[in-house]
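**Q** My questions concern the predicted model and sequence given below.
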Amino acid sequence: MSRGDASTMDDDLQKVFGKPVPELYEAAAGQDASPALARALELRSFLALTEEQVVRVRDRVHADMGPDRDMGELSADKLRFDAQWLEAALEARDGYRAALGELLRTMPPPAQQARPVRTAQLRATATLPPSAAPVPQRAGAARARRP
């Protein structure tokens, strides 16, 4: 998981879980880590990586279009390719932000996550009337003797 790079959702994670992101990664490594925390950090890692890609493409385009660059070096094909990369990275970023935001909105409060959920196991008991169960022929019947 990407721990070092910041993401645009780090403040939201800290508000929901009550700890800074590095401490959340430490907590997620423990045996008592909630599935919601693990999923949130996984999405956060994907988001941080995708945001890094957006920054790389943006910076490359800015460098290629800089005022000190030779006009003869400009390539429409290269810029189109960078635009496609940027579009894909932005779409992925938006998807990860939406997924992480939805997870943070819909998960139970941290106090409820720590308690195990107990469910009662119901037992179904039923008795069938005698005529409901098929009885094999000759079951339990004595053979008739032939004279």
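**A** Nice, thanks for sending it over.
**Q** and residue 15, how many residues sit next to it?
**A** For residue 15, the count of nearby residues is 9 (other C-beta atoms under 10 Å). Bear in mind the C-beta positions are built from the backbone N, C-alpha and C, glycine included.
**Q** whoops, I mixed them up, residue 75
**A** By the criterion of other C-beta under 10 Å, residue 75 has 11 neighbours.
**Q** separation between it and residue 61?
**A** For residue 75, the distance to residue 61 equals 12 Å [C-beta to C-beta, to the nearest Å].
**Q** so the closest residue to residue 37 other than its chain neighbours is in which element?
**A** Leaving aside its sequence neighbours, residue 37 sits nearest to residue 28 (C-beta to C-beta, 6 or more residues apart in numbering; 5.3 Å). Using DSSP states H and E, residue 28 falls within helix 21-29.
**Q** same thing with residue 45?
**A** Short version, using DSSP H and E: residue 45 is in helix 35-64.
**Q** same check, this time on residue 84
**A** Assigned by DSSP H and E, residue 84 falls within helix 76-106.
**Q** Buried residues in that helix, which are they?
**A** Buried residues in helix 76-106, defined by neighbour count with 16 or more other C-beta atoms under 10 Å: 82, 85-86, 89-90, 92-93, 96-97, 100, 103-104.
**Q** Show which residues not belonging to stretch 9-17 make contact with it.
**A** Stretch 9-17 is contacted by residues 20-21, 24, 27, 37, 40-41, 44, 47, 97, 100-101, 104, 107, 110 when judged by C-beta atoms under 8 Å, 6 or more residues apart in numbering.
**Q** what sits against residue 103?
**A** Residue 103 makes contacts with 36, 39-40, 43, as judged by C-beta under 8 Å, 6+ apart.
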